[in-house]
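**Student:** The sequence and its predicted three-dimensional model are supplied below.
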Amino acid sequence: MKFTAIVTALIALVAPAAAFVPTGGARTRGLTTIKMGYVPDGLTPAQYKALKAKEEAQAKANKKKAMVRPYKRTVVVFLLALECASRSLLTGCAGAADRVG
C-alpha cells in the first residue's frame, strides 16, 4: 500500500514536467538564422558598404605611410649620444652626430 502511494505521488510530480519538454515537430520547424547588421540612418546598405571600403583603404594607406621611417639616422644618433653620456664629461663627444655616415 505504501509502495503504490509513493509511486502514484512520484508520477503526479513528474507528469507536469512533461509539459515543458518540446515536441519533435516544434524543434525542426523554422530553424532560420537571424541576420542583423548595422547601417546608419540616411544610408542604404550599399552606400554604407562602399563607405566602409573607402575607410579601410584609407586606413591601409595611412598604415603604410606610418611605417615609412624617413629618419633612419635618429636611432644611431641616439645611441651615440647615449654612449657619450656614459663617458666622463671631461672627454666629451663634440660632433658625435656629425660622425654618423
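**Tutor:** Everything's here; your move.
**Student:** Which parts of this structure are helices?
**Tutor:** In the chain, helices defined by DSSP state H lie at 2-14, 24-28, 45-67, 73-86, listed in chain order.
**Student:** Now the shortest one: average pLDDT?
**Tutor:** This predicted structure assigns helix 24-28 an average pLDDT of 56.
**Student:** do stretch 40-49 as well
**Tutor:** pLDDT averaged over stretch 40-49 gives 93.
**Student:** Now tell me what touches that stretch from outside.
**Tutor:** Contact with stretch 40-49 is made by Gly37, Val39, Leu51, as judged by Cβ atoms under 8 Å, 6 or more residues apart in numbering. No exception for glycine: its C-beta is placed from N, CA and C like everyone else's.
**Student:** For Tyr48, grab the count of nearby residues.
**Tutor:** Neighbourhood size, Tyr48 [other Cβ atoms under 10 Å]: 15.
**Student:** my bad, Ala5
**Tutor:** 9.
**Student:** Model confidence score at it, please.
**Tutor:** Note on Ala5: pLDDT of 82.
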